[in-house]
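In: Build me a model:
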Amino acid sequence: MKNKNSKTSLNIASVQMHITQDQKTNLKTMEEYLQHIQNTFPQIDMVVFPELSAMNVGKSMDNDAEEIPGVLTSIFSNWAKKYKLWIIPGSMYERSNNKIYNTSVIYSPSGELIGHYRKRYPWRPYEKTSSGSKSLVFNVDGIGNVGIMICYDIWFPEVARELVHLGAELIIVPTMTTTGDRNQEQIISQATAITQQCYVVSCNGVGYGGVGGSQIIDPEGVVLQNNGEGPCLQTCVIDFDHIRKIRKIGVAGVTRPLKAFKDNSQTFSVYKK
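Out: Okay, here's the model as predicted:
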């Protein structure tokens with residue numbers, strides 16, 4: 001898509017919010033953040049929330065699950081229109097064909113549902129949702145391409161590699177990591193940014209929604225934002241020109257893993273079934 005405005009950056013806000021076990025409380029908190037962002041940081045283009053931030057966390061997945069479109073997605077659509085923002089409201093339980101998925105939805109500032117992504121690697125045995133099978137990359141106003149994965153997906157490099165193969169320059173990762181491996185997950189996020197030469201936004205919750213430690217990382221692995229265990233709002237300018245430059249000249253000016261991967265055709269026995 002041609003960028004008519006010649007804009008090459010995206011102002012993003014990643015909300016490390018306190019998540020409760022009550023859906024109404026969580027939805028109220030989410031909208032309060034949107035109001036605050038609109039009033040205080042009107043230059044923000046996109047807002048990201050943690051995984052399952054709009055759910056009754058830890059309660060009945062079956063009771064929470066909705067079809068898309070549905071009541072919950074109507075709320076998200078109205079928020080996007082009202083606040084004139086790109087919104088990725090974490091993820092939700094989606095009911096489809098007698099299955100339940102952990103699904104992220106993406107809304108444009110006009111309230112349009114741009115797409116949805118079903119988590120490919122639910123965290124077994126705890127997470128009982130069905131696995132998705134398709135990747136999602138979408139374009140933001142001709143500025144750049146954004147890919148989505150959810151939480152545990154980032155532990156599998158193939159998920160990120162496919163997103164980048166489909167054109168992703170920024171990968172957004174709504175997350176609900178409540179366990180002691182968040183430090184390792186941060187390292188994986190940083191490695192993903194380096195090896196895929198892209199920005200990574202890892203948005204974790206706090207309270208019932210996680211242990212925090214949200215991060216925004218640039219294509220050379222530089223951690224631009226990194227927070228502790230309390231609620232916070234991370235902001236960052238995603239510079240797509242910078243991504244393209246790093247992919248051209250290399251990480252630290254020398255290493256071009258994406259080009260090397262494309263230029264050197266290989267097969268790996270681990271992928272043979």
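In: which residues of this protein fall in helices?
Out: Using DSSP state H, the helices of the chain run over 23-40, 61-64, 71-83, 157-165, 182-196, 240-249, 257-263.
In: Quick one: mean pLDDT for the longest one?
Out: Right, helix 23-40. In this model, helix 23-40 has a mean pLDDT of 98.
In: ok, now the second one?
Out: Confidence for helix 61-64, expressed as mean pLDDT, is 92.
In: returning to what we had before: go through the helices of the chain and name the closest to Asn226.
Out: Closest approach to Asn226 among the helices of the chain (CB to CB): helix 182-196, 7.8 Å. Using the backbone N, CA and C atoms, a C-beta is placed for each residue, glycine as well.
In: related to what we said a few turns ago, looking at the helices of the chain, spot the one closest to Asn227.
Out: Here helix 182-196 is closest among the helices of the chain (CB to CB), at 10.9 Å.
In: For the closest one, buried residues please.
Out: By 16 or more other CB atoms under 10 Å, the buried positions in helix 182-196 come out as 182, 185-186, 188-196.
In: what's the offset of it from the middle of its chain?
Out: 14 Å (CA atoms, centre = their mean, to the nearest Å).
In: what's the answer for stretch 255-263, then?
Out: 24 Å.
In: Show me what counts as buried in that stretch.
Out: So, applying 16+ other CB under 10 Å, buried residues of stretch 255-263: 255-256, 258.
In: Pick the one among these closest to Lys99.
Out: Among those, and counting by CB to CB, the member closest to Lys99 is Leu258, at 34.4 Å.
In: Confirm for me that the closest one is in contact with Lys248.
Out: No - using CB atoms under 8 Å, Leu258 is not in contact with Lys248, being 10.2 Å away.
In: List the contacts of Thr178.
Out: 208-211 (CB atoms under 8 Å, 6 or more residues apart in numbering).
In: what does the model give it for pLDDT?
Out: At Thr178, pLDDT is 96.
In: For Glu127, see how far away it is.
Out: 12 Å (CB to CB, to the nearest Å).
In: For the residue lying closest to Asn183 once chain neighbours are set aside, give me phi and psi.
Out: Spatial nearest neighbour of Asn183, excluding adjacent residues (CB to CB, 6 or more residues apart in numbering): Gly213 at 7.5 Å. Reported as degrees, to the nearest 10, the phi and psi values for Gly213 are phi 70, psi 30.
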